[in-house]
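Asks: Give the three-dimensional model of this entry:
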Amino acid sequence: TPVTQGQTLELRVITRAPVTLAASLNAAAFVINVDPNDPLTQIGLLGVYRLTDPNLYPFTLSITDSQGDVTTFTQALPVRAGRYVIDPPLTVDPTTVDPEFVRPEFERVRSIVTAPPTPERMWDGLFALPSVGVIRSVFGALRSYNGGPYDSFHGGVDFSGAEDRPITAPAPGIVVMAEPLTVRGNATIIDHGWGVYSGYWHQSSFTVAAGEHVETGQVIGFQGATGRVTGPHLHWEIFVAGVQVDPLEWTERVIP
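Replies: Numbers count the residues shown, from 1 in each chain. Next up is the predicted model:
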């Protein structure tokens, strides 16, 4: 099945005996876990980077049996272009686009969403929307800041709303970060297990702290205008295997 930029790719492998799997698409590794309902079924998840050039890429699956013998399967897999828009140029606080601040913050977030995956899958079914606000900007739109080139993309979904509008967890998980950042403002990250994380940027305040377990619909904070913003809103992201993907896909189809 063709894979689309910015979407979540699911791999399901059923075997006759227990094996160890490793899989990748163009050297990007899937996060693979055993299906809790069937020990002979393993499920891999991978986020396909939004700016991946549409092309054929090698998909590789390695299977190691109980004797240590390895079987490798390789196939070309097409990645197709997504239907994404181009946002009007944005003017923001120059500090929030300064590499001196952007780079270490990016690495901080990346270190969290690429940590060894939690083996428990804490969600079941569709994700809920984290806000009742109107969606004002979607995932994947190309963006230019302060007159610069269109060399970045919108990594999530923006919901409008005043600073008193609550943000709710879209699925069960563990809070792994709730702290102020320069670009993302007051930011919360939830670990949902299996290498899936969700992020909530620009909050006015937090109602949870790192280490807390949250359930679907629980208030985790309030929308705000902290960080790189042009007004109060919630920016919502989902990471799969360390890659930003379209959050709305997770509200529209059950993964896995």
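
Asks: When you work out contacts or count neighbours from here on, use the C-alpha atoms and nothing else.
Replies: Noted.

Asks: Read off the pLDDT value for the residue sitting furthest away from the middle of the chain.
Replies: Distance from the centre of the chain peaks at Q67, with 36.1 Å (CA atoms, centre = their mean). What the model reports for Q67 is a pLDDT of 95.

Asks: what does G161 give?
Replies: In this model, G161 carries a pLDDT of 89.

Asks: tally of neighbours for it?
Replies: 21 (other CA atoms under 10 Å).

Asks: Would you mind confirming that it makes contact with A225?
Replies: No: applying CA atoms under 8 Å, one finds G161 not in contact with A225, separated by 10.1 Å.

Asks: anything in contact with each of the two?
Replies: P232, H233 (CA atoms under 8 Å, 6 or more residues apart in numbering).

Asks: show me where the stretch 1-150 of the chain has helices.
Replies: Assigned by DSSP state H, counting those that start in this stretch, the helices in the stretch 1-150 of the chain fall at 99-113.

Asks: Sketch out the low-pLDDT regions of it for me.
Replies: Within the stretch 1-150 of the chain, the segments meeting pLDDT under 70 span 1.

Asks: hmm, 90 instead?
Replies: Within the stretch 1-150 of the chain, the segments meeting pLDDT under 90 span 1-2, 93, 95-96, 101.

Asks: need the strands for it, in chain order.
Replies: For the stretch 1-150 of the chain, the strands defined by DSSP state E, counting those that start in this stretch cover 3-4, 8-14, 20-25, 28-29, 31-34, 41-47, 55-64, 70-80, 135-137, 142-143.

Asks: Neighbours of T71, how many?
Replies: By other CA under 10 Å, 11 other residues sit near T71.

Asks: which residues does the residue nearest to it when sequence neighbours are not counted contact?
Replies: With sequence-adjacent residues excluded and distances taken as CA to CA, 6 or more residues apart in numbering, T71 is closest to I63, at 5.1 Å. Neighbour list for I63: V19, T20, L21, A22, V70, T71, T72 [criterion: CA under 8 Å, 6+ apart].

Asks: still on that earlier bit, now do the residue farthest from the centre of the chain against A23, distance only.
Replies: 19 Å (CA to CA, to the nearest Å).

Asks: same check, this time on Q218
Replies: Between Q218 and A23 the computed distance is 35 Å (CA to CA).

Asks: for G217, same thing?
Replies: 34 Å.

Asks: So for those two, which sits in the more crowded spot?
Replies: Ranked by neighbour count (other CA under 10 Å), G217 and A23 place A23 first, with 23 against 16.

Asks: In TSV: the strands of the stretch 1-150 of the chain, plus distance to W123.
Replies: Compiled in TSV, the strands of the stretch 1-150 of the chain are given as follows (distance: least, CA to CA, whole Å):
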stretch	distance to W123
strand 3-4	23
strand 8-14	16
strand 20-25	23
strand 28-29	22
strand 31-34	14
strand 41-47	14
strand 55-64	26
strand 70-80	27
strand 135-137	23
strand 142-143	30
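
Asks: Select, out of those strands, the one closest to H235.
Replies: H235 lies closest to strand 135-137 among those, at 9.0 Å (CA to CA).

Asks: List the pairing partners of that closest one within its sheet, with orientation.
Replies: Sheet pairing here is set by DSSP bridges, and for strand 135-137 it gives strand 157-160 (antiparallel).

Asks: can you list the residues that contact the partner strand?
Replies: Contacts for strand 157-160 (CA under 8 Å, 6+ apart): 131-139, 232-237, 246-248.

Asks: circling back to that earlier point, nearest to N186, of the strands of the stretch 1-150 of the chain?
Replies: Smallest distance to N186 across those (CA to CA): 19.4 Å, for strand 135-137.

Asks: Hmm, L56 is touching N26, no?
Replies: No: using CA under 8 Å, L56 is not in contact with N26; the gap is 9.2 Å.

Asks: contacting residues for G221?
Replies: By CA under 8 Å, 6+ apart, the neighbours of G221 are P166, I167, T168, Q203, S204, S205, F206, T207, V208.

Asks: ok, the third one to P117 distance?
Replies: I take that to be T168. T168 is 23 Å from P117, by CA to CA.
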